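J.: Just to be clear, the model below is a prediction. Sequence and coordinates:
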Amino acid sequence: MQYFEDIAVGATARFGSYAVTREEATDFARRFDPQPFHLSDEAAAQTHFGRLSASGWHTCAMTMAMLVENLKDHQEAGLGSPGIDALRWLKPVYPGDTLRVESEVLEKRRSTSRPDMGIYKSRVTVFNQDDVAVMTMVSNGLIRTRTPAEPSA
């Protein structure tokens, strides 16, 4: 099990592989982001996308799926997240793309109000199959401490 004390500032990780399908992209868009360029080739052709693209929110959801799978692989004592500080969609994501994630731990601190919990901040970058960055975010994670009485690392 990986705890707060095991997280090192500056640590990096590369993980995930998510194949973006047309069916999933349009299903997501119909439910959550029904803009024409996410639903129709003809509408998308009239925009800067040029062709049907996945919603940025779908890109976030696919990223979350890869993040959770990675956490399961590392058995992190995670406690969720209070949110993200920044989110940027850099390039369109298209059906047929395959996404992957790189992350870097930027900082960490022990919670002052909950000494059994730590907080860490990570920069998450999502790349397509051509190693082009398509999304970045700075996220905050909550994680159990191994020993609440130990000083912050």
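T.: Right, received. Where do you want to start?
J.: residues in contact with stretch 30-38?
T.: With contact meaning Cβ atoms under 8 Å, 6 or more residues apart in numbering, stretch 30-38 is reached by 25-26, 28-29, 39, 43-44, 47, 49, 52-58. Yep, even glycine has a C-beta here, placed from its N, CA and C like the rest.
J.: between the residues you listed, which has the most around it?
T.: Within these, most neighbours by other Cβ atoms under 10 Å means Ala54, with 28 neighbours.
J.: Ala77 versus that one, what's the distance?
T.: 32 Å (Cβ to Cβ, to the nearest Å).
J.: Filter the contacts of stretch 30-38 down to just the ones in helices.
T.: Members of the contacts of stretch 30-38 lying in helices (criterion: DSSP state H): Ala25, Thr26, Phe28, Ala29, Leu39, Ala43, Ala44, Gly56, Trp57, His58.
J.: And these, which two are furthest apart?
T.: Using Cβ to Cβ, the two most remote members of the ones in helices among the contacts of stretch 30-38 are Ala43 and Trp57, lying 17.9 Å apart.
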